[in-house]
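Asker: Provided below for reference: sequence and predicted model.
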Amino acid sequence: MTINQDIANEMAADSVRVRRRKCDFGRGAPLRESARSLLFLLVLALAWLAPGPAAEAADQPVVSVQRGVATYYAGRFHGRRTASGERLNQRAMVAAHPSLPFGTIVRVTNLRNGLSTEVRVVDRGPAKGPQRRGVIIDLTQGAARELDFTRRGRVPVRVDVLGHDEPGSDTLPGEGDESPA
């Protein structure tokens with residue numbers, strides 16, 4: 001035998017040992033690994049099927065729908081008083097709307113990516129200039145992050161008016177049954 005043949009035979013023997021090592025899981029290991037994989041897939045499927053907050057939000061009745069553009073508050077407004085008297089917190093899920101009553105809950109959906117979030121109206125705005133350009137709602141930076149448009153600054157949205165944040169109130173003031181007067 002030549003040196004080249006000896007090297008080739010050693011390499012072939014090594015590859016057989018390596019193949020055996022790769023296939024040798026030990027006693028009962030393949031069954032354990034399969035059970036773990038199956039359990040992982042089962043947990044993943046159940047988590048995907050479980051209803052989350054988005055499903056609960058979808059169950060709320062929509063009072064009205066608006067389409068337009070959303071922007072978000074500049075950083076300099078953080079801590080200032082809103083028209084409702086609250087201090088603006090840029091991390092809170094609140095918004096400014098020109099006409100909806102304070103405390104109204106709206107679901108804002110980014111029409112570019114389908115993300116949505118619920119916010120509460122606590123301020124008046126946007127200003128008249130942006131309104132003429134189609135802006136219908138100003139959001140906090142926290143809400144803008146949820147909708148993933150902080151880099152863009154403005155995005156087309158759908159605003160679903162869900163109702164008022166008062167317990168037991170599903171409609172806006174002035175809507176629904178007439179009160180006796």
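Answerer: Yes, it's here. No experiment lies behind these values; they were computed from the predicted model shown.
Asker: tell me where the chain has strands.
Answerer: Assigned by DSSP state E, the strands in the chain fall at 64-72, 94-96, 104-110, 116-123, 135-139, 154-164.
Asker: okay, those strands, which one's buried deepest?
Answerer: Among these, strand 94-96 has the highest mean neighbour count (mean count of other CB atoms under 10 Å), at a mean of 25. Every C-beta, even on glycine, is put in place using the N, C-alpha and C of the backbone.
Asker: that one - contacts with which helices or strands?
Answerer: For strand 94-96, the packing partners by 3 or more CB pairs under 8 Å, 6 or more residues apart in numbering; DSSP states H and E come out as strand 116-123, strand 135-139.
Asker: what strands line up against the longest one, and which way round?
Answerer: This means strand 116-123. strand 94-96 (parallel), strand 104-110 (antiparallel) (DSSP bridges).
Asker: quick one: pLDDT of the residue lying closest to Met93 once chain neighbours are set aside?
Answerer: Counting by CB to CB, 6 or more residues apart in numbering, Met93 lies nearest to Val119, which is 4.8 Å off, once chain neighbours are set aside. Here the pLDDT value assigned to Val119 is 96.
Asker: Val119 and Ala143 touch, don't they?
Answerer: Yes: here Val119 lies in contact with Ala143, judged by CB atoms under 8 Å, at a distance of 5.2 Å.
Asker: anything in contact with each of these two?
Answerer: Here Val119 and Ala143 have 93-95, 108 as joint contacts, going by CB atoms under 8 Å, 6 or more residues apart in numbering.
Asker: want to throw these into JSON lines with pLDDT?
Answerer: Formatted as JSON lines, those follow (pLDDT from 0 to 100):
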{"residue": "Met93", "pLDDT": "95"}
{"residue": "Val94", "pLDDT": "95"}
{"residue": "Ala95", "pLDDT": "95"}
{"residue": "Val108", "pLDDT": "95"}
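Asker: any chance of the residues you listed in CSV, plus distance to Ser37?
Answerer: Converted to CSV, the shared contacts of Val119 and Ala143 look like this (distance: CB to CB, whole Å):
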residue, distance to Ser37
Met93, 39
Val94, 45
Ala95, 45
Val108, 40
